[in-house]
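Undergrad: generate a structure from the sequence data that follows.
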Amino acid sequence: MKITDFKTYSVYANYRNWVFIKMFTDEGIYGVGEATIEWKTNAVLGALEDLRPYVIGTDPRRFEQHFFECFRQLYWRVDPVTLSGISGLEMAMVDITGKYYNMPAYQLFGGKVRNRIRIYGNGWWKGATTPEEIAANAKKTVDSGTTGLKWDPFGSCYWTIPNDELDRVVRTTQLVREAVGPAIDLMIEGHGRFNVHTAIKIAQELAPFKPYYFEEPVTPDVVEDTVEVHRRSPIPIATGERFLTKFMYRELLERKGVDYIQPDVVHIGGMTEFKKIAGMAEAYNVQVAPHNPNGPVANAANLHMCAATPNCEVLELLTRDATWRSEVSTEVYDIENGEILIPDAPGLGIDLNIEAFEKYPARFTPQTLFNGNLFRAHEAGSQKNLL
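TA: Numbers count the residues shown, from 1 in each chain. Now for the predicted structure:
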């Protein structure tokens, strides 16, 4: 079986564009993938075209070789745009392979270790601005069945945080905890913005509310900073959404600088690389909480990796996304008691509704970093959105 062609599509999705792939073979089996990377739509579409010569004519069932061959061609090896393209193409190959052998994707990575994975909600606070409004949104989200909540409460702070802003963060976290009760886990998102002493100060202030973890409190570029915060923080530390390939994770794990790693299957090089990174983390007794703010195909890939990875503990799920998400794919999932059930259809178990794409053409509007909460959603005027 050989890959004969692939097509790419970009679809507007609020603060970013989804980038989808449909791959074709000479045996009539096709597969779908996703290469979404925020605010780099044109770049990743170009990267996919650069990768075309390495893909056309190859056997999609040899997706391990796909990563190896494409990655070794990268002179700039830590390149999130090209790695996102490699990841999206590999997803499509996995989808084709599963369909060819009539088995779900998780069987290609060792089979199921679980039938369901616990989820936590992200995006639930959108539209809320005051601590009271955020707490009210938290209560509504929990009432719908979510047992974990993540949000970035730090506004426009960068490197440091004034005392009055820290008081507001503490007040917000206190109200959310009171609204949802002690059984709900709270994940605090830092988006890599603070220096070491500020991150430690924040962790100490928030510790009484028993957060599940403090995510990316410092920039991921300096591993020593994450290691130091981890050593001194009373809250578990999570990071890794901006780490690329197993090579970047190695130092962090060897130095025992993290409690949860957060590989993003769209950016690290694909599903095979995800499995290897998770295996490395397992050797250090570190749990996996995949980064998953992308589109429906990426979500499907994450579900299969959670199914086949013993140390996956919890999966991020957008509780609010573009309202047309259900139109652009066949994504359907069941949630029971705060857990999402793993699909059993062949391949990734999802398809694209390409005819719907033209209704939501990609937009290329500059985003504003750390404006209000974090990213401005232009279509909503003053409404602020976060990843």
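
Undergrad: what segments of the stretch 101-250 of the chain are helices?
TA: Per DSSP state H, counting those that start in this stretch, the stretch 101-250 of the chain carries helices over the ranges 131-143, 163-180, 196-206, 223-232, 245-254.

Undergrad: JSON lines please, covering the ones you listed and showing mean pLDDT, distance to Glu90 and mean neighbour count.
TA: No exception for glycine: its C-beta is placed from N, CA and C like everyone else's. Compiled in JSON lines, the helices of the stretch 101-250 of the chain are given as follows (pLDDT from 0 to 100; distance: least, CB to CB, whole Å; neighbours: other CB atoms under 10 Å):
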{"stretch": "helix 131-143", "mean pLDDT": "93", "distance to Glu90": "33", "mean neighbour count": "18"}
{"stretch": "helix 163-180", "mean pLDDT": "96", "distance to Glu90": "38", "mean neighbour count": "17"}
{"stretch": "helix 196-206", "mean pLDDT": "98", "distance to Glu90": "34", "mean neighbour count": "19"}
{"stretch": "helix 223-232", "mean pLDDT": "97", "distance to Glu90": "26", "mean neighbour count": "19"}
{"stretch": "helix 245-254", "mean pLDDT": "93", "distance to Glu90": "13", "mean neighbour count": "18"}
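
Undergrad: which non-adjacent residue is nearest Val218?
TA: Distances taken as CB to CB, 6 or more residues apart in numbering place Asp225 nearest to Val218, at 4.3 Å, with adjacent residues excluded.

Undergrad: in contact with the one you found, which residues?
TA: Asn195, Val196, Val218, Thr219 (CB atoms under 8 Å, 6 or more residues apart in numbering).

Undergrad: let's see it at 7 Å
TA: Val196, Val218, Thr219 (CB atoms under 7 Å, 6 or more residues apart in numbering).

Undergrad: thinking again about what came up before, so which of the helices of the stretch 101-250 of the chain gets nearest His304?
TA: Smallest distance to His304 across the helices of the stretch 101-250 of the chain (CB to CB): 18.9 Å, for helix 245-254.

Undergrad: starting at the chain centroid, how far to that closest one?
TA: 18 Å (CA atoms, centre = their mean, to the nearest Å).

Undergrad: residues contacting that helix, please?
TA: Residues outside helix 245-254 that contact it (CB under 7 Å, 6+ apart) are 78, 223, 226, 240, 243, 258, 261, 268-269, 273, 276-277, 280-281, 284, 286.

Undergrad: now the buried members of these.
TA: Among these, the ones that count as buried by 16 or more other CB atoms under 10 Å are 223, 226, 240, 243, 258, 261, 268-269, 273, 276-277, 280-281, 284, 286.

Undergrad: for these, which one is nearest Asn294?
TA: For these, the minimum distance to Asn294 (CB to CB) is 12.4 Å, reached by Ile268.

Undergrad: under a three-state scheme, what state does that closest one occupy?
TA: Here Ile268 is recorded as coil under DSSP: H, G, I helix; E, B strand; the rest coil.

Undergrad: for it, list the residues it contacts.
TA: Leu83, Ser87, Leu244, Thr245, Phe274, Ile277.

Undergrad: before we move on, what about Val11?
TA: By CB under 7 Å, 6+ apart, the contact set of Val11 is Asn17, Trp18, Phe20, Val328, Phe357, Tyr360, Ala362.

Undergrad: what about the helices of the stretch 101-250 of the chain, which gets the closest to Thr323?
TA: Closest among the helices of the stretch 101-250 of the chain, using CB to CB: helix 131-143, at 16.7 Å.

Undergrad: mind telling me what element the residue lying closest to Asp95 once chain neighbours are set aside is part of?
TA: Distances taken as CB to CB, 6+ apart put Gly31 closest to Asp95, at 3.3 Å, once the chain neighbours are dropped. Assessed by DSSP states H and E, Gly31 sits inside strand 30-34.

Undergrad: which parts of the helix or strand just after that strand are buried?
TA: Following strand 30-34 in sequence order, the next helix or strand is helix 41-55 (DSSP H and E). Judged by neighbour count using 16+ other CB under 10 Å, the buried positions of helix 41-55 are Thr41, Ala43, Val44, Leu45, Ala47, Leu48, Leu51, Val55.

Undergrad: what does stretch 77-88 give?
TA: Asp79, Pro80, Val81, Thr82, Leu83, Ser84, Gly85, Ile86, Ser87, Gly88.

Undergrad: as CSV, could you dump the C-alpha coordinates of it?
TA: C-alpha atoms of stretch 77-88 as CSV (Å, rounded to 0.1, in the frame of the first residue of the first chain):
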residue,chain,number,x,y,z
ARG,A,77,15.5,19.9,15.0
VAL,A,78,13.4,21.7,17.6
ASP,A,79,10.9,23.2,15.2
PRO,A,80,7.3,23.1,16.5
VAL,A,81,5.8,24.0,13.1
THR,A,82,7.5,21.2,11.1
LEU,A,83,7.0,18.7,14.0
SER,A,84,3.3,19.6,14.0
GLY,A,85,3.2,18.7,10.3
ILE,A,86,5.0,15.4,10.9
SER,A,87,2.5,14.7,13.7
GLY,A,88,-0.6,15.4,11.6
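
Undergrad: so what touches that stretch?
TA: Outside stretch 77-88, the residues touching it (CB under 7 Å, 6+ apart) are 19, 21, 33-35, 37, 40, 43-44, 47-48, 51, 67, 70-71, 74, 244, 248, 265-270.

Undergrad: for the record, mean pLDDT for that stretch?
TA: Mean pLDDT, stretch 77-88: 91.

Undergrad: what pairs with the strand holding Gly31, parallel or antiparallel?
TA: In the sheet, strand 30-34 lines up against strand 16-25 (antiparallel) (DSSP bridges).

Undergrad: what's the angle between the strand it pairs with and helix 41-55?
TA: Going by axes from the mean of the first three to the mean of the last three CA atoms, to 10 degrees, strand 16-25 is angled at 20 degrees with respect to helix 41-55.
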